[in-house]
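Colleague: give the three-dimensional model of this entry:
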Amino acid sequence: LVHRAAEALGTEMAAVALLLEHEQVFVAAHGLPLGSGRRSVGICTHALREPAKRLVIPDAKFDPRTMDSPLVLGPPFLRSYAGRPLCPLPGLAVGTLCVCGPQPRRFTRSELGRLDVLATEAVELLRREILVRTGLTLKAH
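Modeller: The predicted structure is shown next:
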C-alpha cells in the first residue's frame, strides 16, 4: 500500500504511521525506516488535529508547524508532505497514510484524490486487523 502511494503521487517516501500517546510508529514504510519516534516531532501529529481533512504542506521548511522538526532539519530532510488521517471507527483517528519527499512541491487535486482512495483502503485494512486481533464479529441488522 505505501509503495503504491509513493508511486501514485510520485514521492520518494510513504508511510502508514500509528500515533500513540507519546510515540509515532511507522508500521509500513517506503523510502523510510520502520520504527518509532517521539510523536511531538512527527509531522503526522499535525494531520490528526483535523481528522476529517488531509494535511498538505508544500514546503515543511517554511511551515510554522514543521520548520523546527528534526525530520525537516536533519535526515530524512523532509520538505513536502501530504497525509490523510486514518479513522477505523467514527471519531477515532489512529494515524495517517502519508507521502513525503526531500523537495518542496505542490500536489495536484488528482494526486490528492489518489491519496484519499489509498487512505480508505488503509482504513479497511485497519478495521480488518482490529476485528482479527479482538475476535469481534460484525453482524448485519
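Colleague: make it CA atoms for all contacts and neighbour counts henceforth
Modeller: Noted.
Colleague: which residues does residue 40 contact?
Modeller: By CA atoms under 8 Å, 6 or more residues apart in numbering, the contact list for residue 40 reads 22, 23.
Colleague: wait, is it part of a helix?
Modeller: Yes. Looking at residue 40 with DSSP: H, G, I helix; E, B strand; the rest coil, it is inside a helix.
Colleague: distance of it from residue 96?
Modeller: In this structure, residue 40 lies at 15 Å from residue 96, with CA to CA, to the nearest Å as the measure.
Colleague: same check on residue 8?
Modeller: In this view, residue 8 and residue 96 are 17 Å apart by CA to CA.
Colleague: the more surrounded of these two?
Modeller: Here residue 8 and residue 96 are set side by side on neighbour count (other CA atoms under 10 Å), and the busier one is residue 96, at 28 against 16.
Colleague: the one helix or strand the more buried one maps to packs against which elements?
Modeller: Counting by DSSP states H and E, the element that carries residue 96 is strand 95-101. Here strand 95-101 touches helix 2-9, strand 13-19, helix 44-47, strand 80-86, helix 109-134, going by 3 or more CA pairs under 8 Å, 6 or more residues apart in numbering; DSSP states H and E.
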